[in-house]
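A.B. asks: how would this look folded up:
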Amino acid sequence: MCFSLVELFKGKTLYLLLLSLLVISSASFAATPPEQPSTGPGGADYSHEVVVNTYYRVGTLSYCIFEPDNPKPDTAPVILFIAGHIQYLAKPDFYDVWIKHLVRKGNIVIFPLHRPTVFLIFSLYTEQIIRTTQAAIKELQTADHVRADFNKFAIVGHSTGALLGPNISAVAERYNLPRPKAIMAIACPSIFLNNQWKIVPTEEILEDLSTIPEDTLILTVVGDLDYAAKDDGGKAIYNALPQIPPENKDYITVVSDDHGSPPLSAIHLAACSKSSVNCYSPFCANALDYYGYFKLFDGLTDAAFFGRNREYALGNTPQQRFMGMWSDGVPVKELVVTDNP
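C.D. replies: Just a heads-up that it's a prediction; the model follows:
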């Protein structure tokens, strides 16, 4: 049997057209990730409509203070938000949605700014963050701000900043800093540079964390696809806190899930949360943020400050592990929670 070139072309065109329609149809029916919950820890039930962002520079130090407004509260808890040190993590822009979430929930956020570098002497970075935090606290004690309640003080740190939460808590009294009631360390690297420019494991950079009071609430969070930081740093922090009882701390793994589109990938940058408007992967806020990082820290600070919502942050509970539902009703893979990493 013989076919003309026109007939062959038509047949191939029809095949490609049908294949394209099949791909488009499959994509249109792919499950989509859950949206932000409307209420609760991680949810969109905000008490304040406006976030006031002010930049400060004192000598070589610089920082941003974010405050809630409309309505302006009489007083507010204080969150110290410490980012990683390299170029793309050194700005609040890359945590935009999370910072605004925290502020609209009624918190003041201090975000230290620093000169990003490829190579980092950790002790110098720590000193800079401590001095910047001291300057920001002094500024907050002036009359132009929402009155800061330093009895409700917490630290969240990502990447290099993850180690600073526990370390700063351990030396808070020495530097006249408020003692954190809650700490969340996310994606802590496994190695650092010490004063001799020598690469050392995380445990050699830790302060004496046994000085942290046992009533401090602490979460150490890692991602299952975080090939940049891995999980040794998180384990080092967790295992250096034997004085904290199991009910006050958890080691949590955020689990990736490619059931739908776009997939949810627990990589090193998963805690970054730029707005979906003009956003580019992997910084867009998604279900890993809303049900993972946002929810966990909201629950942790609610428990530490107000004695509520503890089940969303601690205890390996269903509320803590739950990560929402794909649009087809399939649950997103739960958080893995342990007290024995």
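A.B. asks: who does the single longest strand found in the chain touch, helix- and strand-wise?
C.D. replies: In the chain, with assignment by DSSP state E, the single longest strand is strand 147-158. Using 3 or more CB pairs under 8 Å, 6 or more residues apart in numbering; DSSP states H and E, the elements in contact with strand 147-158 are strand 75-82, helix 122-140, helix 160-171, strand 182-186, helix 295-306. Any C-beta I mention is one placed from the backbone N, CA and C, and that applies to glycine too.
A.B. asks: That one: which residues count as buried?
C.D. replies: 148-149, 152-158 (16 or more other CB atoms under 10 Å).
A.B. asks: likewise stretch 167-185?
C.D. replies: The neighbour-count check on stretch 167-185 (16+ other CB under 10 Å) flags 167-170, 172, 177-178, 180-185 as buried.
A.B. asks: sorry, back to before: so what touches the longest strand of the chain?
C.D. replies: If you take CB atoms under 8 Å, 6 or more residues apart in numbering as the criterion, strand 147-158 is touched by 74-84, 89, 95, 108, 137, 140-141, 163-165, 168-169, 178-188, 271-272, 297, 300-301, 304-305.
A.B. asks: That strand pairs with which strands, and in what direction?
C.D. replies: Partner strands for strand 147-158, per DSSP bridges, with pairing direction: strand 75-82 (parallel), strand 182-186 (parallel).
A.B. asks: show me where this structure has strands.
C.D. replies: For the chain, the strands defined by DSSP E cover 50-58, 61-69, 75-82, 108-113, 147-158, 182-186, 191-193, 199-201, 217-223, 249-254, 336-338.
A.B. asks: Using CSV, lay out those together with distance to Gly292 and mean pLDDT.
C.D. replies: Shown next, in CSV, are the strands of the chain (distance: least, CB to CB, whole Å; pLDDT from 0 to 100):
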stretch, distance to Gly292, mean pLDDT
strand 50-58, 22, 95
strand 61-69, 21, 96
strand 75-82, 16, 97
strand 108-113, 19, 95
strand 147-158, 12, 97
strand 182-186, 9, 98
strand 191-193, 25, 78
strand 199-201, 26, 84
strand 217-223, 8, 98
strand 249-254, 5, 98
strand 336-338, 11, 98
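A.B. asks: Reformat the strands paired with strand 147-158 as JSON lines; add distance to Pro331.
C.D. replies: As requested, the strands paired with strand 147-158 are arranged in JSON lines below (distance: least, CB to CB, whole Å):
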{"stretch": "strand 75-82", "distance to Pro331": "30"}
{"stretch": "strand 182-186", "distance to Pro331": "23"}
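A.B. asks: for this protein, which spans come out with low pLDDT?
C.D. replies: Within the chain, the ranges that satisfy pLDDT under 70 run 1-29, 86-90, 115-121, 276-282.
A.B. asks: Could you check how far the residue most central in space within it is from Val222?
C.D. replies: The centroid of the chain falls nearest to Ala271 when counting by CA atoms, centre = their mean (4.0 Å). Here Ala271 is placed at a distance of 11 Å from Val222 (CB to CB, to the nearest Å).
A.B. asks: what is in contact with these two at once?
C.D. replies: Here Ala271 and Val222 have 186-187 as joint contacts, going by CB under 8 Å, 6+ apart.
A.B. asks: between the buried residues of stretch 167-185, which is nearest Ala285?
C.D. replies: Taking CB to CB as the measure, Ala285 lies nearest Met184 of the buried residues of stretch 167-185, at 16.9 Å.
A.B. asks: For burial, what's the neighbour tally of Arg219?
C.D. replies: Residue 219: Leu, not Arg. Leu219: 27 surrounding residues under other CB atoms under 10 Å.
A.B. asks: That one reaches Leu300, doesn't it?
C.D. replies: Yes. The pair Leu219 / Leu300 is scored as a contact, 5.9 Å apart, by CB atoms under 8 Å.
A.B. asks: sorry, back to before: let me have the strands of the chain in JSON lines, adding distance to Tyr312 as columns.
C.D. replies: Supplementary listing: those in JSON lines, determined by distance: least, CB to CB, whole Å:
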{"stretch": "strand 50-58", "distance to Tyr312": "23"}
{"stretch": "strand 61-69", "distance to Tyr312": "21"}
{"stretch": "strand 75-82", "distance to Tyr312": "17"}
{"stretch": "strand 108-113", "distance to Tyr312": "20"}
{"stretch": "strand 147-158", "distance to Tyr312": "15"}
{"stretch": "strand 182-186", "distance to Tyr312": "13"}
{"stretch": "strand 191-193", "distance to Tyr312": "31"}
{"stretch": "strand 199-201", "distance to Tyr312": "32"}
{"stretch": "strand 217-223", "distance to Tyr312": "11"}
{"stretch": "strand 249-254", "distance to Tyr312": "12"}
{"stretch": "strand 336-338", "distance to Tyr312": "12"}
